[in-house]
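J.: generate coordinates for the sequence data below:
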Amino acid sequence: MAGNDWINSYLEAILDVGPALDDKKSSLLLRERGRFSPTRYFVEEVITGFDETDLYRSWVKAQATRSPQERNTRLENMCWRIWNLARQKKQLEGEEAQRKAKRRLERERGRREATADMSEDLSDGEKGDAVSDISAHGDSTRSRLPRISSVDAMEAWATQQKGKKLYLVLISLHGLIRGENMELGRDSDTGGQVKYVVELARALGSMPGVYRVDLLTRQVSASDVDWSYGEPTEMLTPRNSENLDEVGESSGAYIIRIPFGPRDKYIPKELLWPHIPEFVDGALNHIIQMSKVLGEQVGGGQPLWPVAIHGHYSDAGDAAALLSGVLNVPMLFTGHSLGRDKLEQLLKQGRLSRDEINATYKIMRRIEAEELSLDASEIVITSTKQEIDEQWRLYDGFDPILERKIRARIKRNVSCYGRFMPHMVIIPPGMEFHHIIPHDGDMDGDADGNEDLPTVPDPPIWFEIMRFFSNPRKPMILALARPDPKKNITTLVKAFGECRPLRELANLTLIMGNRDGIDEMSSTNGSVLLSVLKLIDKYDLYGQVAYPKHHKQYEVPDIYRLAARTKGVFINPAFIEPFGLTLIEAAAHGLPLVATKNGGPVDILRVLENGLLIDPHDQQSIADALLKLVADKQLWAKCRQNGLKNIHFFSWPAHCKTYLSRIASCKPRHPQWQRSDDGTGTTESDSPSDSLRDIQDLSLNLKFSFDGEKNGTGGNDATVESEENMTDRNSKLENAVVTWSKGVLVDTRKTRHMEKLDHNTSSTKFPPLKRRKHIFVLSVDCDSLDGLLGITHQVFNSLEKERNEGSVGFILSTFFSISEIHTFLISGGLKPGDFDAFICNSGSDLYYPSVNSENRPFVIDFYYHSHIGYRWGGEGLRKTLVRWAASIADKNAENEEQIITLSEKLSTDYCYAFKVRKSGLVPPVKDVRKMMRIQALRCHAVYCQNWTRLNFIPVLASRSQAIRYLHVRWGVDLTKVVVFAGECGDTDYVDVLGGMHKSVILRGACSGTHTGISYPLSDVIPLDRPNIVEMPETCNCADIRSSLESLGFIRS
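T.: This is a model prediction of the structure:
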């Protein structure tokens, strides 16, 4: 086992004291377990398959013990630890095997059901086997990395992009991000991802057709970090300004820092989760304002919305999903590191239980964010095929086989019956190569063709390396990796040491990070380094192996240059390499490559054609590959030439070209309403013509609801709906609105005097919430209409003065349908005009009060559906849900009574409502979402009314998203919004509490429980947030006013 050569000393010691352990005076623990052979057990259970590096510390103590009796006792205890740890490991492996078997069965069942729905028109091409079928990620193995074929192609593409004015938004939340002097390695959050997103934003900002790029991150104004991280805006200076298409007033790439979370504290990414809704609201404000600014500059006065929002890592993916939903903009996602893969690795180690892992890493919250990113993303960008095949397939929301079938149907323009799968695209990270000049000389003479260049002294790092060698002119085999067992450095040293021809032809250089002393290193890294030193001594490699203690980051290119100058080879022998950025760096300096066949290097060498793949477990394979490249000078020269010729495939321009081409393949989506008169400013005009003009502006996005019944045709599968039906539908809608608007003008003239007396009944500016100073949202999940009515009157009475002045408005946010709300208003003596908007069906429908409220009480926002309708399954989803509901039955009843049934009366086009008869027998909401995702159906499941109703709504719809939509649509200031909620409620209850708005918690208002999440409530909302005020169970109107005064919303 790599890195555990010290186990040999364990074995020798146990052999030495073996008889003592079998003696009658041995410990009681061993005697109770009968005759025990620690030697045999150690060989069978530990050396053959168990790696527990923590035991190294115990062995050091045992070695330092002089007393033989105490030393024997320590060895006995160590054997017991080994046995106990091995037993725990086997138990965990058994549990994990059961989970995998269960997951495999669930996926196969979901795949069968999804295939059955699409079976009537499956083609032979969709049924292809796993070997011969064309991959969904590329048409061939060669085309998995689609790239620019030549400089001429790049110039032709750039010419096509001229004239475009694209606005891109990237999001990366954790770590410390700035454009220059990045503090990479400062902590675990400030690493390679930080450099990647900054360089990506910088490169995109220099691409033809891209006008502006915003990289959104967190603003940190803490005393323990540099002041630059507190600056709201930082411009990223382009590396090469020659390719800039056009320089405008606001063009270029920028880092935009949004304040959210603790203002004066830098916190790790695991603690950012409850503050993400606040970031979403702040980012939404920035994007709206920037879109208006860019629209004035280059958009002809119309807002220039982002063409895509790209989330990096799970936290940013969660935020990007919410932003793309409320803005109706395509979303991209890059995982960088995935939660399910990390969870499996941690469970295999056996050091922490699942609960301890979740408490430490917030792993379940992270996984749910990644699942939501799969739900909302059009494109998921990966670095390698291994990331798709081995990591993303662990998720409920992605199945490679089902994706292949769905994509084949999309290409044939055949309905997928409401099923969707994100498109996995392989785009390796880019690099900057313009500053790299490959060296054509050797150690014996000057560089070829560089006689005119001034002589430059050798870098200091060259001396630090060459001082190890007795013959520094021999070709250098270079490995650059930290001393980690996974990097497989010891196998490389063994291969070098046991191959005499290789030792005679080459030197070996190991750059294993920086160290001061071995004792100060971690036990794992220290054991690897000790193993390397022992191997050097064993094979007598002194004068042939270099292992310097220190090097600077800026000296790494010099190390590559030294290896190339000696006509050396770069090797990455890791057991698994997710990508392999060092391979690209080495190739850019003219080094041939030898790399592991497991992971990203397979794709890299397929493109570069400059090296050999090896089996990292096969020592002879490593030696043969190195010897072949070092000994065959023609092969070495060919690999070097191929690498330098093809390296531009991994440049930032090539990366960005592929990136932008993928975005161009997405269907454009953005807010489409006419904004000619939708400004957020208030007006004092009360002319009837103003009201009529507003209504005419709304003619394309509002529909009437006369009696609350289901609108439309009952199905919403956009794939199969014909253009003729859509055109006819829009025509009827426009005619209805125009007819109604004519009546409104007459009605407005008749009731103009009444409008001045009652500000809440009607308004001269539609809708009235545009001119409210404050908005109060009633989002209390009461079990009955009577309970909601009592709270409504209490809040109204608390704000009676402000209501009469017309300075405040009210929004009703509930799981009820509009017909139930109509009944609620009538029974409580209320009018539709008492509210400015109605968020119904758990956020899937949005209504406004009608001006002519007697006959036509409500108007539905048509364009709200265009925002939330993305990936809504429609009729295909409804059929699957009905079939699923039929399978949920009470098996203890006489006739196996069905406990979940579809309610046609309560359902709408964007909400399928089910009645629940026995709430104790229904599956939890997380299992329902899992079932939907496995079948590629994208929706939210919400248990309502104390688990007596189950609403299925679009994945981008929610009550909190509806409030954000009102901010985008009508300019509602989210900082001027107060949400009234109970201490518990529907399973989407927690969503309404997060964000920039204020919240008032009414204790005792409802009896439901928020069990819709598989992680603590503290991972969703900050429990100590100052924007939340809790009321006692027996509060009165004075208490409510007092709480609103404490929030700064009203005055005494």
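J.: show me where the stretch 851-1000 of the chain has helices.
T.: Along the stretch 851-1000 of the chain, counting by DSSP state H, counting those that start in this stretch, helices occupy 862-868, 874-887, 925-934, 959-970.
J.: which strand or helix spans Y560?
T.: For Y560, the host element (DSSP states H and E) is helix 556-565.
J.: for that helix, packing partners?
T.: Contacts defined by 3 or more Cβ pairs under 8 Å, 6 or more residues apart in numbering; DSSP states H and E place helix 556-565 against helix 460-466, strand 476-480, strand 507-511, strand 569-572, helix 581-588. For glycine as for every other residue, the C-beta is placed from the backbone atoms N, C-alpha and C.
J.: circling back: tell me which of the helices of the stretch 851-1000 of the chain sits nearest to R482.
T.: Distance to R482, taken as Cβ to Cβ, is lowest for helix 925-934 among the helices of the stretch 851-1000 of the chain, at 36.6 Å.
J.: and that closest one, how far out from the chain middle?
T.: Distance of helix 925-934 from its chain centroid, counting by Cα atoms, centre = their mean, to the nearest Å, is 19 Å.
J.: and for stretch 110-120?
T.: On the basis of Cα atoms, centre = their mean, stretch 110-120 sits 28 Å off its chain's mean C-alpha point.
J.: and if you look at stretch 868-879?
T.: Using Cα atoms, centre = their mean, the distance from the centre of stretch 868-879 to the centre of the chain it belongs to is 23 Å.
J.: go on, stretch 1033-1046?
T.: Put simply, stretch 1033-1046 sits 40 Å off its chain's centre (Cα atoms, centre = their mean).
J.: who touches that stretch?
T.: 794-795, 797-799, 978, 1000, 1002-1004, 1029, 1031-1032, 1050-1052 (Cβ atoms under 8 Å, 6 or more residues apart in numbering).
J.: could you identify the most distant pair in those residues?
T.: G1004 and R1051 (28.0 Å).
J.: which of the two has more neighbours?
T.: Set G1004 next to R1051 and count neighbours by other Cβ atoms under 10 Å: G1004 wins out with 13 against 8.
J.: low-confidence stretches in the stretch 701-850 of the chain?
T.: The stretch 701-850 of the chain contains residues with pLDDT under 70 at 701-766.
J.: ok, which stretches of it are strands?
T.: Counting by DSSP state E, counting those that start in this stretch, one finds strands in the stretch 701-850 of the chain at the ranges 702-705, 774-778, 808-813, 837-840, 845-849.
J.: give the buried residues for the longest one.
T.: Neighbour-count burial for strand 808-813 flags 808-813 (criterion: 16 or more other Cβ atoms under 10 Å).
J.: other SSEs contacting it?
T.: Contacts defined by 3+ Cβ pairs under 8 Å, 6+ apart place strand 808-813 against strand 774-778, helix 785-798, strand 837-840, helix 959-970.
J.: hmm, 6 Å instead?
T.: On a contact count with 3 or more Cβ pairs under 6 Å, 6 or more residues apart in numbering; DSSP states H and E, strand 808-813 meets strand 774-778, strand 837-840.
J.: out of these, which is closest to L215?
T.: Across the helices and strands packed on strand 808-813, closest to L215 is strand 774-778 (Cβ to Cβ), at 31.6 Å.
J.: parallel or antiparallel, which strands does the closest one pair with?
T.: strand 808-813 (parallel), strand 977-982 (parallel) (DSSP bridges).
J.: what segments of the stretch 301-450 of the chain are helices?
T.: Ranges of helices within the stretch 301-450 of the chain are 313-327, 339-349, 354-361, 363-376, 385-386, 400-411, based on DSSP H, counting those that start in this stretch.
J.: fine, thanks again, bye for now.
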